[in-house]
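Q: dropping the sequence and predicted coords here.
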Amino acid sequence: MTPEQWSIVFNALNVGFLQTLRLFFVTLIGAIPLGLLIMLARRSSFRPLSWLTQGLTWIIRGSPLMIQLLILYYGPGLAFDWHPWGGGEAGRFSAAATAFIINYAFYFAEIYRGGIASIPAGQEEAGLVLGMTRTQIFFKVKLLQMVKAILPPMSNEVITLVKDTSLSRIIALQEIIWAGQKFLKGSSGISASILPLLCTVVYYLIFNGLLTILLTRLEKQLSYFR
Amino acid sequence: MILEVSGIRKSFGKAEILRGIDFGMDRGEVLSIIGSSGSGKTTLLRCLNFLETPDAGRIAVNGETLFDAASPTRDSAKVLRRKRLHFGLVFQNFNLFPQYTAFENVTLANLLLAKDTDAYRQNKAAVIGGIEEEAHRLLKQMGLSDRENNYPHQLSGGQCQRVAIARALALKPDILCFDEPTSALDPELTGEVLKVIRELADQRMTMIIVTHEMAFARDVSSHVIFMDNGIICEQGTPDQVFGHPQEERTRQFLQSFIQ
């Protein structure tokens, strides 16, 4: 390929990767707090709510994210002639982000639940006999211990999310794989080539490398206590 | 009397752990509670500290009824917290807050409590200064002045337990309770914790100590309770209970420690 053709390829990949990043960050911003709500619902003493959450967790975690994307994007229109997502790339992005946020929130909720369960009951009791309120105990005593406990499994999920965003290719979201894939058959005057698709791997590797450095640093920050 | 406990009962499911406990204490007394595992000692301490709610009975401190199962009150969280503060509790497993230094463990609760007071709003620096000064003093008393800025995982078990004692004392409880304070410690670390408790006894701190350290209980206590199967089987001065036990069950129990 000529330098001009490479420049076309990288422009396309950059645009695609921007969409990948957008989906990644929107999912995190949505799923981190939503996971907290789901975890609270799961731990609720109101049994039906807890059961409902457990059932949903089973469905969301037990079925492929790809099928969830397809159902969410095409389902309303085909079943009820209802088109909540609107057309074009913006509509596809809304559908993909919604599916990703829901899916990852249920995973995060389970991780949070494990984090809370890992804190010994003695921490709460110590706070209570010292006259602290339950809110104070949560924010001043338990929260940081919980964050420390969930950081390794959360790091895993975050790295997985970067790669999972490529599943949105199935509803034709124009993320980086979509951008690389169109060169397989030749496009924009460039003959068929696997190289652009291979380049997408480098994008993933660099971004995940940076994320790993960031997350490791965060873990180190919390290693001052055990 | 500083503490009056009468008719305390507590069941978990079908298991009746406490089956009517009555005792009283005067200010400055040291009460040791001995008995085998499962006799209800720890549950009794947890009832006094409002970690468990008794099914029946009454608890009064300085003549003020804090709990009465016969006339249940729906205490607000705030009232319950104030009642709790009559008692301090030192746990078997310390339960220090791992993300705070020894010093911060001692000051944390007081700093949070102070925030609600007028004194804090008027002169924040003075209140914080007072709390910190008290924490320095308590940690010095515990022999931990050089450990103030260490985190719990950097301390030995004996040091952790002494921080926990300082943390409980910082809230100036009327009665300080110990739940098997040396059971999680190596034998060589037990001595340093017992020494600190003995010093508190010499300073006339009112204390209830659940312990398996018989020699220590005999030496430090003004009164001893032997619990068995959810009731007080025998009580009296250390000399009475250890020296001349009247009940067969007490003799059996003490015998098992001699062997």
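A: Good, I have the coordinates.
Q: need phi/psi at residue B:21.
A: Taking degrees, to the nearest 10, you get phi -110, psi 130 for the backbone angles of residue B:21.
Q: should've said residue B:14
A: Main-chain dihedrals, residue B:14, degrees, to the nearest 10: phi -90, psi -10.
Q: okay, it: pLDDT?
A: Listed pLDDT for residue B:14 reads 90.
Q: what's around it, how many residues?
A: Using other C-beta atoms under 10 Å in any protein chain shown as the criterion, residue B:14 is surrounded by 5 other residues. C-beta coordinates here come from the backbone N, C-alpha and C atoms, glycine included.
Q: repeat that for residue B:117.
A: 10.
Q: next one: it relative to residue B:75, how far apart?
A: 20 Å (C-beta to C-beta, to the nearest Å).
Q: residue B:104 too?
A: Distance, residue B:104 to residue B:75, by C-beta to C-beta: 29 Å.
Q: do residue B:139 as well
A: 33 Å.
Q: what's the answer for residue A:124, then?
A: 18 Å.
Q: and if you look at residue A:125?
A: As judged by C-beta to C-beta, residue A:125 and residue B:75 stand 18 Å apart.
Q: equivalent analysis for residue B:170, please.
A: For residue B:170, the distance to residue B:75 - C-beta to C-beta - is 24 Å.
Q: get me the contact residues on chain B for chain A.
A: Within chain B, the positions adjacent to chain A are B:49-51, B:77, B:81-82, B:84-85, B:87-89, B:91, B:93, B:95-100, B:108-109, B:112-113, B:151-153, B:167-168, B:171 by C-beta under 8 Å from any C-beta of the partner chain.
Q: could you tell me which of the residues you listed belong to strands?
A: Within the residues of chain B next to chain A, residues falling in strands by DSSP state E are B:87, B:88, B:89.
Q: all helices of chain B, in order?
A: B:41-48, B:77-84, B:102-114, B:118-122, B:124-141, B:157-169, B:187-202, B:214-220, B:238, B:248-258 (DSSP state H).
Q: which of residue A:125 and residue B:75 has more residues huddled nearby?
A: residue A:125 (17 against 14).
Q: host element of the more buried one?
A: Element membership for residue A:125 (DSSP states H and E) is helix A:121-129.
Q: may I see the buried residues of that helix?
A: Residues of helix A:121-129 classed as buried: A:123, A:124, A:125, A:126, A:127, A:128, A:129 (neighbour count, 16 or more other C-beta atoms under 10 Å in any protein chain shown).
Q: so what's residue B:237 up against?
A: Residue B:237 sits next to B:222, B:223, B:224 when contact means C-beta atoms under 8 Å, 6 or more residues apart in numbering or on different chains.
Q: tell me how far it lies from residue B:222.
A: Distance from residue B:237 to residue B:222, by C-beta to C-beta: 7 Å.
Q: run through the residues of chain A sitting next to chain B.
A: Applying C-beta under 8 Å from any C-beta, one finds that chain A approaches chain B through A:120, A:122-123, A:125-134, A:136, A:140-141, A:144-145, A:148, A:224-226.
Q: apply 7 Å and report the result again.
A: Neighbours of chain B within chain A, by C-beta under 7 Å from any C-beta of the partner chain: A:122-123, A:125-126, A:128-133, A:136, A:140-141, A:144-145, A:224-226.
Q: any regions of the stretch 1-150 of chain B where pLDDT drops low?
A: For the stretch 1-150 of chain B, no stretch has pLDDT under 70.
Q: just to revisit the earlier point, give the other helices and strands that the helix holding residue A:125 contacts.
A: Packing contacts for helix A:121-129, counted by 3 or more C-beta pairs under 7 Å, 6 or more residues apart in numbering or on different chains; DSSP states H and E, involve no helix or strand.
Q: buried ones in the helix ranked longest in chain A, by neighbour count?
A: For chain A, the helix with the greatest residue count under DSSP H is helix A:3-42. For helix A:3-42, burial by neighbour count (16+ other C-beta under 10 Å) applies to A:5, A:8-9, A:12-13, A:16-17, A:19-24, A:26-28, A:30-32, A:34-35, A:38-39, A:41-42.
Q: just stretch B:122-133 next, same as before
A: B:127, B:131.
Q: which other residues reach stretch A:82-95?
A: Residues outside stretch A:82-95 that contact it (C-beta atoms under 7 Å, 6 or more residues apart in numbering or on different chains): A:72, A:73, A:76, A:77, A:171, A:172, A:173, A:174.
Q: quickly note the distance from the fifth one to chain B.
A: This means residue A:171. Computed as C-beta to the nearest C-beta, to the nearest Å, the residue A:171 to chain B distance reads 44 Å.
Q: that residue - how many residues pack around it?
A: 19.
Q: just the second one next, same as before
A: Neighbouring residues of residue A:73 were enumerated by other C-beta under 10 Å; the total is 24.
Q: just the element for it, please.
A: Counting by DSSP H and E, residue A:73 is found in helix A:65-80.
Q: centre of the chain to that helix, how far?
A: Mean-position distance between helix A:65-80 and its chain equals 19 Å (C-alpha atoms, centre = their mean, to the nearest Å).
Q: using PDB, write out the CA atom coordinates for that helix.
A: Listed next in PDB are the C-alpha coordinates belonging to helix A:65-80 (Å, rounded to 0.1, in the frame of the first residue of the first chain):
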ATOM      1  CA  LEU A  65     -24.200 -10.300  25.000                       C
ATOM      2  CA  MET A  66     -24.400 -10.600  21.200                       C
ATOM      3  CA  ILE A  67     -27.900 -11.900  21.300                       C
ATOM      4  CA  GLN A  68     -28.800  -9.200  23.900                       C
ATOM      5  CA  LEU A  69     -27.600  -6.600  21.400                       C
ATOM      6  CA  LEU A  70     -29.700  -8.000  18.600                       C
ATOM      7  CA  ILE A  71     -32.800  -8.300  20.600                       C
ATOM      8  CA  LEU A  72     -32.500  -4.800  22.100                       C
ATOM      9  CA  TYR A  73     -31.800  -3.200  18.700                       C
ATOM     10  CA  TYR A  74     -34.200  -5.100  16.400                       C
ATOM     11  CA  GLY A  75     -36.700  -6.500  18.900                       C
ATOM     12  CA  PRO A  76     -38.900  -3.500  19.700                       C
ATOM     13  CA  GLY A  77     -39.300  -2.600  16.000                       C
ATOM     14  CA  LEU A  78     -40.000  -6.200  14.800                       C
ATOM     15  CA  ALA A  79     -42.300  -7.200  17.700                       C
ATOM     16  CA  PHE A  80     -44.200  -4.000  18.400                       C
END
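Q: which other helices and strands does that helix contact?
A: In this structure, helix A:65-80 makes packing contacts with helix A:88-117, judged by 3+ C-beta pairs under 7 Å, 6+ apart.
Q: elements contacting the helix or strand where residue A:180 lies?
A: Following DSSP H and E, one finds residue A:180 within helix A:176-181. Contact here means 3+ C-beta pairs under 7 Å, 6+ apart; on that basis helix A:176-181 packs against helix A:3-42, helix A:195-221.
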